[in-house]
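Undergrad: with the sequence up front, the predicted model follows.
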Amino acid sequence: MLWVDKYRPRTLDQIMVHQDVAQNLKKLVTEQDCPHLLFYGPSGSGKKTLIMAIICQMFGPSAEKVKVENRTWKVEAGSRNIDLELTTLSSTNHVELNPSDAGFQDRYIVQEIIKEMAKNRPIDTKGKKGFKVLVLNEVDKLSREAQHSLRRTMEKYSTYCRLILCCNSSSKVTEAIRSRCLNVRIKAPTEEQIVKVLEFIGKKEGLQIPSGFAARIAEKSNRSLRRAILSFETCRVQQYPFTSNQSIPPMDWEEYISEIASDIMKEQSPKRLYQVRLKLYELLVNCIPPEIILKRLLYELLKKLDIELKHEVCHWAAYYEHRMRLGQKAIFHLEAFVAKFMSIYKAFLIATFG
Amino acid sequence: MSQSDIRKWFMKSHDKGKGNGSTDSKPAKPAQPPVTRVAEKTSQAKSQPEKPVQASQENSGRRKTSKYFSKDKPKEEEPVEVPSKRKNQKDLDKSDKPLPGKKIRIAESDSDDDFILPNSKSSDDATPKKKLKSGSGRGIVQKRLAVDESDGDDVEDKEASLKSTGRGRGGRGGSGRGVVKKPLNVDESDEDDVEDKEAPLKSTGRGRGGRGASAAAPAGGRGRGAGRGGFMNFGERKDPPNKGQKEVPEGASDCLAGLTFVISGTLDSLEREEAEDLIKRHGGRVTGSVSKKTNYLLCDEDIGGRKSSKAKELGTTFLTEDGLFDMIRASNHAKTPALESKKSMDSADVSLTKKSPQKVETKKILSDSSLTKNVAKKGLTSGASPAKQRGKSTQYSALTWTEKYRPKVPNDLIGNQSLVKQLHDWLVNWHKQFLDTGSKKTGKKANDSGAKKAVLLSGTPGIGKTTSAKLVCQMLGFQAIEVNASDTRGKADAKIEKGIGGSNANSIKELVSNEALSIDMDRSKHPKSVLIMDEVDGMSAGDRGGIADLISSIKISKIPIICICNDRYSQKLKSLVNYCLLLSFRKPTKQQVAKRLMQVANAEGLQANEIALEELAERVNGDMRMALNQLQYMSLSMSVIKYDDVRQRLLTSGKDEDISPFTAVDKLFGFNAGKLRMDERIDLSMSDPDLVPLLIQENYINYRPSSIGKDDNGMKRLNLIARAAESIGDGDIFNVQIRKYRQWQLSQSGSLASCIIPAALLHGQRETLEQGERNFNRFGSWLGKNSSLGKNKRLLEDLHVHLLASREYNSERETLRVEYLTLLLKRLTEPLRVLPKDEAVQEVVEFMNTYSISQEDFDTVVEISKFKGRPNPMDGVQSTVKAALTRAYKEGNKFRMVRAADFVTLPGIKKAPKKRIAAILEPYDDEIGENNDDQVAVSEDDSSNEEDLEGSAVGEKLQQELQSLNSKGVQVQVDLKGSGNSNGKKTPASRGKNNSSASQKKGAGGSGSGTKRKR
């Protein structure tokens, strides 16, 4: 088992990083009334872990017995019937799903599943909770319509069903939803915290960690605990007796993107643009989300860029990312960004060096 | 730093370090010509002192004799001294001429020895001489000379000579030629007055001559070797050295009418396509290779290729780009001066003697083109002939021309003569073969074309299938019974209750089967019958069983049956084809059509120019009927048909043709795309609103925009690409609005953003970016990539679900890919590489079991981590180890407690059963049941995987085929639309589908196990 999963805290009490949040949540849950919750924060900060721990806290160990289901919904939308299918993860007391997987029909999913849960309301025996919990992941990727349809259902069925929403950026969640939830911001762990966790794992695993090594991993992890642990283990797999100057391998796709970035910097021409397009396709086909590609690409470019251009390039990156979200074919926008960058950079080079 | 600061900085730096972007490009332009054109300048410089007039026109670069001529003429009237100087100047020019005109020179030498320079090896051609001569007789003589000079000539040259005679006045011709002697001019001016009166009638011969002359002069005058004498390899074409730096003249629309050009090598400032368009626009014709009919070889440098050598052999005039420009400009100049003073070329042209027209008219060859030319040039409203035509043309109206001029005898048919002959023979032999001696039938069948009892004529509409069928029948004295789509042709009624007359099909049956009787009775008296089944591919809903019935009719028929269809490859006709002799009619060539149209036009008293009719023929795409209709229509409003009329009229009423996305993209990006009108562009991009944008997006990088002219550092192009890319992005956003929110009113904006703007920015010449790439538009790679993305996503989702099911993992799919995968891969492959075999295998299998990773998932992990140009993650793992792993994993199946459900899906299943099936991913306690289920699942899995692959392979294959077809220049019209759409649509829907089929799968694996997980 991977260390990330192996040392994942299962209960609120075990939580190491966000202890204060955990304690507050625990209080909240034990007081028998749980509002809708919205967790947001950067990836790798522990949102999911907290959510699972809360559910555990609410329903006891039975919440751990999940099954994966591939469910179909029949939705009547106006004149036509839509069949929707989605994979859900559910236990007796909670359902977890990723509605944005349904694409632009996600709003039906959201409504349907909530209604359905309201229908099969668990019988309130032995002082058990009278509600089920619905965990929605990636709420920020929900379409606007889905979010709008969510807010009514949220209220209407709130007696039967509590929502726990989870997302990276609360700015992409509508105001209406945010105001209906208790917002919990999970911040990224500090590097010290990461180091602490890494050392804890190292101790449990019985590893010798050279001084400074954990710190380096933490630094490279971009304050994502998950990443830190994963690359820690990657290092372990690669070479056990750690040396303090051991290289920390980057992710495969990161390497590839930095290759692209240096391609772009080296030459700005239609031909190069074409080659870059092929490489971008390669990344996309390998399921790297386009936003991440763009972000990383910008990061790599900025590293090599003259300071005077940074601002402008960032501006355009943001511009094209926005358009990418509005659009559907990511490659068009990625390519547009690259083309734009090339034209800016080339103009800059010519202006500077003639 | 704020953005504006950056901008400022940019501005500054522009000023400082010039040589970038748009700012400096402007100054660059004016600066450049001098450099590149030094040679020309020098030649001009010589001429300047002599001709101050010329200087004023200098700015356009090269001065062509004819050019200044037209302008100069008025001024030149008085000076008689100039000629000698002029000659000298001419001489200089001539010296470079490549034409082999020695004889001429000799002839010439008697009149003006002085101007033959010792170094001028390649002598001058006929034109210069003309200038020198005066008097009408001269003109003719010279022409003759020209004839001699080009050894291998015939028709053309004769034409030429005729023309010159027609001209009568050498003076005219001379002036046209460009370099004319003063005396001549004087003459002309005198004549002009006379001419004016006669102009309408006379103009025939003259137009030709004048035009030709003006064209010729530049060729003569311009120094061949002037600038660069680059050698070029065959097939390789450089950029024009002065690309986009010359102003392209606009001239009278028909100033090149009747002239045939061949373009060779690289021109000075025009791309070849541009030059071609320019010539066509002005009425000239461009052909691919030099022949006797070629008037000019357009080239700016002598590359010694096949064209130029042939041209020399044939004595074709060489023409430079500037010469061409001047010819065109001349036509403009001609117009204006004509008004004030009659000395301009045009009026001079008109001044041809009265005799000439008669002569000319007698010569058929000439008359057509020259006539029309005159007409075109003059606008000719007052002419006598038109009036006459009017009179004639008012008479008709009872018949449409298509009927009126329907061919009456087989020889009238245009094209496909051999097919008609075949049809004829078949019909002649039919009775012999099928009726007379039934026994011989079988023996002959093998090789004789008459062995089929029916014949199937196929071809596009309007090329005379029905007409030929009828004609042939008529000729052979058959009585044709035509049944076409207006009759119901369903299956014959089995019950004859309705009577014979009741249904057409029945009567056909009757006819077909009974004819034998009547024929046997008295063959000689009774006309034999032929059944013509017209439009058999039109048998549709109403004609159920029509084809089958037709076939059975053919089998029993006692009379010949001629079937006619448009598309012989139609699915409907598949069975019929086997019973028929197939005759595919081809479209007549445009010349053939034009010829016929000309006959019609003449018969109707319509003045039409050959080029115009050819254009018409081309526009209607070989459809004779449509051409005639158009012609008739036009005849209502005008009595003279010019090239421009046809062009304009048919722009809108041109025949709709199916246009493949590739053609559409070619046109949008084409060299002349800038001249397309907006609605044309929209039509093009809408021809397939899904596929065209993809093709555009795929290929826009490859185009070198023609709009930017010189682009030293590629900056401009890059800027345009960036803009185009952004616009394509806009298109994508539009598309989302359209599809997702059904805002179909945006579709025009969408196609504007996704196709038209990028194409407008970047249209030009295509270049290849990769070595070995064919220079044809690629098929959009997005579809393919998107489908493999879809597949990978699905696989990843499977893996994700398996991981989730293992209960050890609870992150999202994206996280899985972005963060976990690297480590997963390491954990899965690293041991195999490093550790000894058994140990490694054990470790990996254990790891897989913990996370319930199946073998497919293992492959998924490897697959998704592959990057092109990176080592395969599985490299370095020995195959024995792999095999051992597989074995160990299979082995483990027996004891495995955790077995993930399989989410692999079958593509192409439309509706999965809607049963809601819980996929239980939990460990089982009863191993036996587990095992069974498991294996079933696995095996199914494999098969589905294969199918999956197959499906995608088919898709890829289709794409490849398309690509290769296209790259061969074949137009792909095969159902492209269908495939494109289906591909495109797949995207959003696919996930759902996949899942559904997945759940179906699950039915086998998971249905037996309603159990909850235990742990």
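TA: Yep, that arrived.

Undergrad: my read is residue B:530 is in a helix, agree?
TA: No: secondary structure of residue B:530 (DSSP: H, G, I helix; E, B strand; the rest coil): strand, not part of a helix.

Undergrad: any idea how far residue A:1 is from the nearest residue to it once chain neighbours are set aside?
TA: Spatial nearest neighbour of residue B:530, chain neighbours left out: residue B:478 (4.4 Å); criterion: C-beta to C-beta, 6 or more residues apart in numbering or on different chains. Where you see a C-beta, it was placed from the backbone N, CA and C, and this is true even at glycine. Counting by C-beta to C-beta, to the nearest Å, the gap from residue B:478 to residue A:1 is 90 Å.

Undergrad: so between these two, which is more surrounded?
TA: Using other C-beta atoms under 10 Å in any protein chain shown, the more surrounded residue of residue B:478 and residue A:1 is residue B:478, with 23 against 15.

Undergrad: does the more buried one touch residue B:561 like I think?
TA: No: checked against C-beta atoms under 8 Å, the pair residue B:478 and residue B:561 is beyond contact range at 11.6 Å.

Undergrad: which neighbours do the two share?
TA: residue B:530 (C-beta atoms under 8 Å, 6 or more residues apart in numbering or on different chains).

Undergrad: and for residue B:533, nearest residue in space, chain neighbours not counted?
TA: Leaving out its chain neighbours, the residue that sits closest to residue B:533 by C-beta to C-beta, 6+ apart is residue B:563, at 4.6 Å.

Undergrad: contact partners of the strand or helix carrying that neighbour?
TA: Using DSSP states H and E, residue B:563 sits in strand B:561-565. With C-beta under 8 Å, 6+ apart as the test, strand B:561-565 has contacts from B:423, B:453-458, B:465-466, B:469, B:473, B:512, B:530-538, B:550, B:553-554, B:573, B:576, B:580.

Undergrad: so of those, which ones are in helices?
TA: Among the contacts of strand B:561-565, DSSP state H puts B:423, B:465, B:466, B:469, B:473, B:512, B:550, B:553, B:554, B:576 in helices.

Undergrad: where does confidence bottom out across the residues you listed?
TA: When the ones in helices among the contacts of strand B:561-565 are sorted by pLDDT, the bottom entry is residue B:512 at 59.

Undergrad: for residue B:749, helix, strand, or coil?
TA: Classification of residue B:749 by three-state DSSP places it in helix.

Undergrad: how far away is it from chain A?
TA: From residue B:749 across to chain A, the span is 14 Å (C-beta to the nearest C-beta, to the nearest Å).

Undergrad: helix or strand for the nearest residue to residue A:64 once chain neighbours are set aside, which one?
TA: Spatial nearest neighbour of residue A:64, chain neighbours left out: residue A:56 (6.6 Å); criterion: C-beta to C-beta, 6+ apart. When elements are assigned from DSSP H and E, residue A:56 belongs to helix A:47-59.

Undergrad: tell me how far that helix lies from the chain's centre.
TA: The chain centre lies 17 Å from the centre of helix A:47-59; the measure is C-alpha atoms, centre = their mean, to the nearest Å.

Undergrad: quick one: contacts of that helix?
TA: Helix A:47-59 is contacted from outside by A:8-12, A:14-15, A:18, A:21-22, A:25-26, A:29-30, A:34, A:37, A:39-41, A:63-64, A:91-94, A:128-129, A:133, A:135, A:164, A:166, A:184, A:186, B:810-812, using C-beta under 8 Å, 6+ apart.

Undergrad: can you flag which of those belong to strands?
TA: Of the contacts of helix A:47-59, the ones assigned to strands by DSSP state E are A:37, A:39, A:40, A:94, A:133, A:135, A:164, A:166, A:184.

Undergrad: and chain A, is stretch B:800-811 touching that?
TA: Yes: judged by C-beta under 8 Å from any C-beta of the partner chain, stretch B:800-811 comes into contact with chain A at B:801, B:804, B:805, B:807, B:808, B:809, B:810, B:811.

Undergrad: make TSV from those and add neighbour count and pLDDT to it.
TA: Output for these, formatted as TSV (neighbours: other C-beta atoms under 10 Å in any protein chain shown; pLDDT from 0 to 100):
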residue	neighbour count	pLDDT
B:801	25	81
B:804	25	80
B:805	25	78
B:807	22	73
B:808	16	73
B:809	21	75
B:810	18	72
B:811	21	76
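
Undergrad: okay, and which of those residues map to helices?
TA: B:801, B:804, B:805.

Undergrad: distance of residue A:110 from residue A:152?
TA: In terms of C-beta to C-beta, residue A:110 sits 10 Å off from residue A:152.

Undergrad: quick one: residues contacting the residue lying closest to residue B:768 once chain neighbours are set aside.
TA: The spatially closest residue to residue B:768, leaving aside those adjacent along the chain, is residue B:775, at 5.2 Å (C-beta to C-beta, 6+ apart). By C-beta under 8 Å, 6+ apart, the residues touching residue B:775 are B:766, B:767, B:768.
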